[in-house]
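Student: sequence first, then the predicted structure, then my questions.
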Amino acid sequence: MASGEALTTSGYIVHHLTNLSVGQGFWTFHLDSLIVSGLLGLFAFVGMAKLASRASVTNPGKMQTLVELIVSFVDQQAKDTYHGRSPLVTPLAITIFIWVFLMNAMDLIPVDFLPVLLGFAGVHYFKAVPTTDPNLTFAMSLTVFAIMLVMGVKVKGVGGFLHEVFTVPFGAKLAPLNLLFRIIEDVAKPISLSLRLFGNMYAGEMVFILIALMGIWQLPLALPWALFHILIITLQAFVFMMLTIVYLSMASESHG
Amino acid sequence: MNINATLFGEAIWFGVFIWITMKYVWPPLQKAMADRQKMIADGLAAGERAKHELELAGKRSADALRDAKAKSAEIVTAAEKRAAQMVEEAKQTAKVEADKVVAAAKAEIAQQVEHARAELRGRLADLAVAGAERILKREVDARAHAEMLAALKQEL
């Protein structure tokens, strides 16, 4: 309960769900999301790049073994699902899995910990979990969507891509209907991808906040929910990664 | 839920991280893992080959041992044969030599006997003559009966 002025329940919840932001209207930047996601990503990917640059063939260290384990797991998933050969799919899947996992894991930091800590530094709003910010989930899903479209055009060519758009699934005679279906199908992909992650993490965070409101009773409740949340964190990272691979494989394979 | 410019910032982050992973994380790790896989496979193959070679070497050494045994047995047999032959030869030589010596001795003995006999004959004739001289004294003229005595000597 960081700020002293409004200790009402709804005030507390709203306070926790408000981003640290600068700017006005559309040109608002959520600094907390940008900073946390950026730091986590830099930590993970620059660290992994450093580790990979001196990766040992004969004598892998513990960190290298861990990273190789994760990376080869993701690669196996990508290979099982995506049957073409692309230098992008596996790195993209690795990036998504690790980044989303780390950002989701921010949920396990007690909800009041960072706001109180930063409150001393004069920062009054701080939302520590970037995946509860729809801007981030939409940024990821729209990037994936763009890669998907580019890959579709690249694999099938512009003609093949347009042919597929207008003739699948009902044939050339019902071209407008096919186009409509295609648009619905394609719009649904990034929306479902981002809202699934956002919704899961937002709800999880909400439950943490509600538990934190229960006074002494939060002690027996926060731990089981956190333990259960570990499952959600991993699962959501995995689902986002897996669906991305599936969408890309759909984009680069002919529908018939 | 408000969509704003944060979206662009996050998209940039996402792009940067994809780029890092694509360029600096995945290729070296993939290479390291592939190299390791190859190394392990090579090592196992080499082990298998070495095992096979060991087996062959064992077989070869057993063969060599058997050959050596056979050869040594052959040599021993040949040597025994040769020794027997040599002994036989020596025996033969010794026998021949001994025969020679015996023959020579026999010849000598015969010669000596002949010699002794000749001498004896001479002496006996002299003795007979001396005896006869004693018996007959003057009546016997040695010169007159020399012819007869010589014939007698021949008869003995």
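Tutor: Yep, that arrived. Numbers count the residues shown, from 1 in each chain, chains lettered A, B, ... in the order given.
Student: pLDDT wise, what is B:Ala144 at?
Tutor: Per-residue pLDDT puts B:Ala144 at 68.
Student: I'd say B:Ala32 and A:Arg54 touch.
Tutor: No. B:Ala32 is beyond contact range of A:Arg54, at 9.8 Å (criterion: CB atoms under 8 Å). Using the backbone N, CA and C atoms, a C-beta is placed for each residue, glycine as well.
Student: please report how far A:Val57 lies from A:Gln64.
Tutor: Between A:Val57 and A:Gln64 the computed distance is 10 Å (CB to CB, to the nearest Å).
Student: ok, those two, which is more surrounded?
Tutor: A:Gln64 (19 against 14; other CB atoms under 10 Å in any protein chain shown).
Student: so which strand or helix has the more buried one?
Tutor: Element membership of A:Gln64, judged by DSSP states H and E, is helix A:62-81.
Student: repeat that for B:Arg66.
Tutor: Assigned by DSSP H and E, B:Arg66 falls in helix B:26-136.
Student: what do you get for A:Leu114?
Tutor: A:Leu114 is part of helix A:113-120 when elements are defined by DSSP H and E.
Student: just checking, what packs against that helix?
Tutor: Of the remaining helices and strands, none touches helix A:113-120 by 3 or more CB pairs under 8 Å, 6 or more residues apart in numbering or on different chains; DSSP states H and E.
Student: may I see the buried residues of the helix or strand following that helix?
Tutor: The helix or strand immediately downstream of helix A:113-120 is helix A:134-167, counting by DSSP H and E. For helix A:134-167, burial by neighbour count (16 or more other CB atoms under 10 Å in any protein chain shown) applies to A:134-145, A:147-148, A:151-152, A:155-156, A:161, A:164-167.
Student: over to stretch A:69-77?
Tutor: A:71-72, A:74-75, A:77.
Student: which of those residues come close to chain B?
Tutor: Restricting the buried residues of stretch A:69-77 to those touching chain B (CB under 8 Å from any CB of the partner chain) yields A:71-72, A:75.
Student: just give me the closest of these to A:Leu193.
Tutor: Nearest to A:Leu193 among these: A:Asp75, at 20.9 Å, using CB to CB.
Student: what are the contacting residues of the lowest-mean-pLDDT helix or strand in chain B?
Tutor: Every helix and strand of chain B was ranked by mean pLDDT, DSSP states H and E. The lowest is helix B:142-155, at a mean of 75. Around helix B:142-155, the neighbours that count as contacts under CB atoms under 8 Å, 6 or more residues apart in numbering or on different chains are B:121-122, B:124-125, B:128-129, B:133.
Student: now A:Ile191: closest residue in space that isn't a chain neighbour?
Tutor: Spatial nearest neighbour of A:Ile191, chain neighbours left out: A:Ser141 (7.4 Å); criterion: CB to CB, 6 or more residues apart in numbering or on different chains.
Student: that neighbour against A:Ser194, yeah?
Tutor: Yes. Taking CB under 8 Å as the definition, A:Ser141 is a contact partner of A:Ser194 at 3.7 Å.
Student: tell me which parts of chain B are close to chain A?
Tutor: Within chain B, the residues that sit near chain A (CB under 8 Å from any CB) are B:1-11, B:13-18, B:20-22, B:24-33, B:35-36, B:39.
Student: filter these down to the buried ones.
Tutor: Among the residues of chain B next to chain A, the ones that count as buried by 16+ other CB under 10 Å are B:4-7, B:9-11, B:13-14, B:17-18, B:20-22, B:24-26, B:28-30, B:32-33, B:36.
Student: who's in contact with the residue nearest to A:Ile191?
Tutor: So A:Ser141 contacts A:189-191, A:193-194 (CB under 8 Å, 6+ apart).
Student: list just the nearest of the residues you listed to B:Glu89.
Tutor: A:Leu193 (109.3 Å).
Student: averaged pLDDT, the host helix or strand of that closest one. What do you get?
Tutor: Using DSSP H and E, A:Leu193 falls within helix A:175-212. The average pLDDT within helix A:175-212 is 92.
Student: tilt between that helix and helix A:134-167?
Tutor: Orientation check (axes from the mean of the first three to the mean of the last three CA atoms, to 10 degrees): helix A:175-212 against helix A:134-167 gives 160 degrees.
Student: mind giving me the packing neighbours of helix A:175-212?
Tutor: Packed against helix A:175-212, as judged by 3+ CB pairs under 8 Å, 6+ apart, are the following elements: helix A:9-16, helix A:134-167, helix A:218-252.
Student: near chain B at all, the longest one?
Tutor: If I follow you right, that is helix A:218-252. No. Using CB under 8 Å from any CB, helix A:218-252 stays clear of chain B, coming no nearer than 11.0 Å.
Student: what residue of chain A is the furthest out?
Tutor: The centre of chain A is farthest from one residue, A:Lys173, which by CA atoms, centre = their mean lies 39.6 Å away.
Student: counting neighbours, what do you get for A:Phe238?
Tutor: 17.
Student: can you tell me how far it is from B:Thr21?
Tutor: 17 Å.
Student: now do the helix holding B:Arg66 against helix A:62-81, angle only.
Tutor: 110 degrees.
Student: give me the distance from helix B:26-136 to the chain's centre.
Tutor: 7 Å (CA atoms, centre = their mean, to the nearest Å).
Student: other SSEs contacting it?
Tutor: Against helix B:26-136 (3+ CB pairs under 8 Å, 6+ apart) you get helix A:47-53, helix A:62-81, helix A:89-105, helix B:142-155.
Student: next up, the contacts around B:Val101.
Tutor: The contact partners of B:Val101, taken as CB under 8 Å, 6+ apart, number zero.
Student: chain A versus that one, what's the distance?
Tutor: 90 Å (CB to the nearest CB, to the nearest Å).
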